[in-house]
Structures are given as C-alpha cells and as structure tokens.
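Engineer: generate a structure from the sequence data that follows.
(one chain, ligands or ions: 2)
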Amino acid sequence: MAVELTVNGEHRTVDALSDTPLLWVLRDDLGLTGTKYSCGIGECGACTVHLDGQPVAACQVSLSRAAGRSVTTIEGLAGDDGGPHPVQAAWVAENVPQCGFCQSGQIMTATAFLAHTPDPDDAAIDAALSGNLCRCGTYQRVRRAVRRAAATMQEAK
Ligand code: FES
Ligand code: FES
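Structural biologist: Ligands and ions are numbered 1, 2, ... in the order given. The predicted structure is shown next:
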C-alpha cells in the first residue's frame, strides 16, 4: 500500500505493508540508516525519531500511524542557520560517543526535550533520557552535553 508522509521536510511516498515498523521504512526504504535498530521492542531508545516533534521509538510505530505526519530523523536535524543543531554541536564539544550506536537516539530525545524544557536541572535531564540506554556508559557526558546545548540555546535567544 502506498503511504504518504513527510520525512525531514520532504514529501515521501512509501509502498509497504501498513504494519511495517517505521524504523524499517526509514532504514530500508528511505536509506536513512542513522536511526539504529537494537532491541526492537521499545526498550532501548536507539531508534528514537521525532513524530510531529515528539520523540518516539521508530521500532514501535507502524507505517500507518506515521501516514500523513512529519518525521524527523538524525539526518534531518539542523540549527537555525542550517549548520549543526546546538545539541549536535554540544555532543561534539563534549566528545560524547564511545561506540556511537545509541547516540542518534540520545540526540533525538535530547533535542525534543530541550524544545520544551530550555533550562533543565540534572534530575530532569536524567528523567528525560532514562529511556535511552548506553552500553558504553556515556551518561555523564550525555548530561554535560545536554547542559551545554541548553546554555547555547538560551544564549541564542
Ligand atoms: S530498537 Fe527501538 S527501542 Fe530499541
Ligand atoms: S556509545 Fe556505545 S552504546 Fe552508547
């Protein structure tokens, strides 16, 4: 079945079964492999994308649920000037990744979180990112990067 949706600002038509997980549509049909597959059961956060601005586990969203809606993946993140999003820049500055596998999901959750919580404390950061697991244990650097991004975004206002 042909399903229409917007991905990273572009109108896309995907021909796939309606119950196909959005994660497979992004990776296999659209070639957007920055979104990672890990647990496949909604428990790890590696596949986090934005659906109409809200963070969701793409492995748990069917194509039919995404129909007509706007999806943003790590490839579609950008700052207001078209350069890296402040969260991406903070991730680089804090040298967050180790193996990197969980990181696109971490960044997508962090950007959605900071969009509505501009000045979070550590407890709020930990709570917001509690669904994003990192086997390499980068949590301290993730927290620092979120704080850095929040400060940058506040300064830019
Ligand atoms: S792969 Fe989707 S939550 Fe783990
Ligand atoms: S950086 Fe390796 S799993 Fe998070």
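
Engineer: before we move on, which element is the most centrally placed residue in the chain in?
Structural biologist: Nearest to the mean C-alpha position of the chain, by CA atoms, centre = their mean, lies M108 at 2.2 Å. Per DSSP states H and E, M108 falls inside helix 103-116.

Engineer: only the buried residues of that helix, if you could.
Structural biologist: 103-114 (16 or more other CB atoms under 10 Å). Just so you know, the C-beta spots here come from the backbone N, C-alpha and C atoms, and that holds for glycine as well.

Engineer: redo those residues as CSV? Include pLDDT and distance to M153.
Structural biologist: As requested, the buried residues of helix 103-116 are exported to CSV (pLDDT from 0 to 100; distance: CB to CB, whole Å):
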residue, pLDDT, distance to M153
Q103, 98, 19
S104, 98, 19
G105, 98, 20
Q106, 98, 17
I107, 98, 14
M108, 98, 16
T109, 98, 16
A110, 98, 11
T111, 98, 10
A112, 98, 13
F113, 98, 11
L114, 98, 6
